[in-house]
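> Sequence and predicted structure, then a few things I'm wondering about:
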Amino acid sequence: MFFVKMELNLKILTVVGARPQFVKSAVVSRQIGKTEGIEERIIHTGQHFDANMSEIFFEQMDIPRPDFQLEVSGLSHGAMTGRMLEQIEAILLEQKPNMVMVYGDTNSTLAGALAASKLHIPVAHVEAGLRSFNMKMPEEINRILTDRVSRLLLCPTETAVANLDREGFGSFGARVVNCGDVMQDAALYYTAKEQPPVIGADLSGGFVLSTIHRAENTDSPESLTQIFDALNQIHSELPVVLPIHPRTRAKLDQFNIDSRVHLIDPVGYLEMIYLLRRCNIVMTDSGG
């Protein structure tokens, strides 16, 4: 877990919007709450908005309730980022924070970073320096641009620090810190609070845990069909449990794709920790 020595009476405005960001912010906000002289306000952009994709995280993980709810979701990348940027900017002008903190690589991340940097408010980026080296991924564009406008780059690994060094960040006037992986901190902390999900199947003989959500997989009928053909074949030998993203479920229906695996509704973080600790194999397209 990172600790950065900062001035007293610091006002941080944190921007979150997607499931992984709720997990990460739970770790960091807990430490901020223990630190005298730091006030945190939270903006929830609404990028993940339904109960299973958002609300359950605030309930289970003791994350401070958002002070601002933007409810921006279900739009194209440009429209979503633009509307978030406009609304975050208005909040920043009203709240006048000393720092804006963003997490990861989503549209919410980029919107928060751009809004703050254009108002000359320092940006702290948690999970800075991560790279897939695939510019076709919108997340790669988000993380590179967010790093470039950030003043405090909080890296999870030495590899992330090395990525920034290769990109010339030593001459950008930003502070680079290897703070460790907040996702690992979360996993360690919440393991004691894990909860079994409702699956309705006997998994005592072992199982595969899978998730699928990336657009390059879900939006292509050919790719999604191939993925589920493979999962169905695996399921015939070892049960496959798949907490299904709403977009993935909609695409299965749209493309009329046959699924024989155990599809369950999205689970909270405590249920996912339970599944991760007991499965034989993880098969996912997620980077988080």
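Received, thanks. Numbers count the residues shown, from 1 in each chain.
> Show the subsequent helix or strand relative to the one helix or strand in the chain whose mean pLDDT sits lowest.
Ranked by mean pLDDT, DSSP states H and E, the helix or strand of the chain with the weakest confidence is helix 56-60, at a mean of 73. Using DSSP states H and E, the helix or strand that follows helix 56-60 in sequence is strand 68-69.
> Which other helices and strands does that next one contact?
In this structure, strand 68-69 packs against strand 38-44, with contacts taken as 3 or more CB pairs under 8 Å, 6 or more residues apart in numbering; DSSP states H and E. Where you see a C-beta, it was placed from the backbone N, CA and C, and this is true even at glycine.
> Now the strand it packs on: average pLDDT?
What strand 38-44 shows for mean pLDDT is 95.
> Identify all contacting residues around that strand.
6, 8-17, 25, 29, 32-33, 54, 64-70, 88, 91, 95, 97, 112 (CB atoms under 8 Å, 6 or more residues apart in numbering).
> and it, which strands flank it?
strand 10-16 (parallel), strand 68-69 (parallel) (DSSP bridges).
> For residue 30, grab phi and psi.
phi -60, psi -40 (degrees, to the nearest 10).
> And for residue 113?
Dihedral angles (degrees, to the nearest 10) for residue 113: phi -70, psi -40.
> OK, contacts around it?
By CB under 8 Å, 6+ apart, the neighbours of residue 113 are 100, 102, 123, 125, 145-146, 149-150.
> Just flag the most distant two among these.
Taking CB to CB as the measure, the contacts of residue 113 span a maximum distance of 14.5 Å, between 100 and 145.
> Which positions in whichever strand or helix holds residue 22 come out as buried?
Applying DSSP H and E as the criterion places residue 22 in helix 19-33. Of all the residues in helix 19-33, those buried under the rule 16 or more other CB atoms under 10 Å are 19-30, 32.
> start to end distance for stretch 149-163?
End-to-end distance for stretch 149-163: 16 Å, by CA to CA, to the nearest Å.
> ignore the last one, stretch 250-262
16 Å.
> tell me the average confidence for it?
95.
> likewise stretch 171-179?
Here the average pLDDT along stretch 171-179 is 96.
> Give me the contact list for it.
Counting by CB under 8 Å, 6+ apart, 1-4, 126, 128-129, 148, 150-158, 160-161, 164-165, 169-170 sit against stretch 171-179.
> List the contacts of residue 170.
Counting by CB under 8 Å, 6+ apart, residue 170 has contacts residue 176.
> can we see that at 10 Å?
Neighbouring residues of residue 170 by CB atoms under 10 Å, 6 or more residues apart in numbering: 164, 176.
> quick revisit: chain center to the least confident helix or strand of the chain, what's the gap?
Computed by CA atoms, centre = their mean, to the nearest Å, the chain-centroid distance of helix 56-60 equals 15 Å.
> How about the contacts made by residue 20?
Residue 20 sits in contact with 48, 57, 103-106, 127, 182-183, 186, 269, 286-288, where contact means CB under 10 Å, 6+ apart.
> Compare residue 100 and residue 145 (neighbour count), which wins?
residue 100 (27 against 16; other CB atoms under 10 Å).
> Is the more buried one located within a helix, as I assumed?
No - using DSSP: H, G, I helix; E, B strand; the rest coil, the assignment for residue 100 is strand, not a helix.
> The residue lying closest to it once chain neighbours are set aside sits in which helix or strand?
Closest residue to residue 100 in three dimensions, ignoring its sequence neighbours and counting by CB to CB, 6 or more residues apart in numbering: residue 116, at 3.7 Å. In this structure, residue 116 sits in helix 107-118 according to DSSP H and E.
> Buried ones in that helix, by neighbour count?
Quick answer for helix 107-118 (16+ other CB under 10 Å): 107-117.
> And stretch 30-44, by the same measure?
30, 32, 38, 40, 42-44.
> same check, this time on stretch 133-142
So stretch 133-142, judged by 16+ other CB under 10 Å, has buried residues 137-140, 142.
> among those, which are in helices?
138-140, 142 (DSSP state H).
> residue ranges of the helices in the chain, please?
With DSSP H as the criterion, the chain has helices spanning 19-33, 56-60, 77-95, 107-118, 138-149, 158-166, 182-190, 215-218, 221-235, 246-255, 269-278.
> Which elements pack onto the last one?
With contacts defined as 3 or more CB pairs under 10 Å, 6 or more residues apart in numbering; DSSP states H and E, the packing partners of helix 269-278 are helix 19-33, helix 56-60, helix 182-190, strand 208-211, strand 240-243.
> how about the ones you listed in CSV, adding distance to residue 83?
CSV is the format used below for those (distance: least, CB to CB, whole Å):
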stretch, distance to residue 83
helix 19-33, 18
helix 56-60, 22
helix 182-190, 27
strand 208-211, 27
strand 240-243, 28
